[in-house]
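A.B. asks: predicted structure and sequence below. I'll ask about it afterward.
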Amino acid sequence: MSRSGYRSLRTRSNVPPDRRRAVALSYKAGSMPAPTVAASGQGEVAERIIALAREHGVTIREDPDLVALLAQLDVGQIIPPELYAVVAEVLAFVYRLKGKK
């Protein structure tokens, strides 16, 4: 699914635009079938997730559309197959930034 393809999966959010949201994903190639939601929150919780990511050198990518979709999942839940391609794009972005292949 291309970046534009997942837009059809978007849903309306009840979160006011001024409340920041964050979702952290965890993925270990070879030991996990797909990325899982490691943390999710809005407002102060989102700010804490972002702060912790920065403190630990985790790459942050802002994508409000993807966050809106991922925020519907429970912490610990594997991302659904419909989002594999989009999340793969994010992982490829992170690997390029870190110089991994």
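C.D. replies: Yep, that arrived. Computed from a prediction, not measured in an experiment: that's the story for all the values here.
A.B. asks: from here on, just use CA atoms for contacts and neighbour counts.
C.D. replies: Will do.
A.B. asks: got the contact list for the spatially most central residue of the chain?
C.D. replies: For the chain, the residue nearest the mean C-alpha position is residue 23 (4.9 Å; C-alpha atoms, centre = their mean). Residue 23 makes contact with 37-41, 46, 49, 67, 70-71, according to C-alpha atoms under 8 Å, 6 or more residues apart in numbering.
A.B. asks: neighbour-wise, which of those leads?
C.D. replies: The most neighbours of any of the contacts of residue 23, using other C-alpha atoms under 10 Å, belong to residue 70, which has 23 neighbours.
A.B. asks: tell me the SS of the residue nearest to the centre of the chain?
C.D. replies: Applying DSSP: H, G, I helix; E, B strand; the rest coil to residue 23 yields a three-state assignment of strand.
A.B. asks: look at it and report its pLDDT.
C.D. replies: The model reports residue 23 with a pLDDT of 94.
A.B. asks: the one 3 residues further on now?
C.D. replies: According to the model's per-residue confidence, residue 26 sits at a pLDDT of 90.
A.B. asks: I figured it hits residue 32, correct?
C.D. replies: No. Using C-alpha atoms under 8 Å, residue 26 and residue 32 do not qualify as a contacting pair, with a distance of 9.2 Å.
A.B. asks: between these two, which has more neighbouring residues?
C.D. replies: Of the pair residue 26 and residue 32, residue 26 is the one with more neighbours under other C-alpha under 10 Å, namely 14 against 11.
A.B. asks: what about residue 84, distance to residue 42?
C.D. replies: Taken as C-alpha to C-alpha, to the nearest Å, the spacing of residue 84 relative to residue 42 amounts to 23 Å.
A.B. asks: my bad, residue 99
C.D. replies: Noted for residue 99: a distance of 31 Å to residue 42, by C-alpha to C-alpha.
A.B. asks: how is residue 29 assigned, secondary-structure-wise?
C.D. replies: Secondary structure state of residue 29, per three-state DSSP, is coil.
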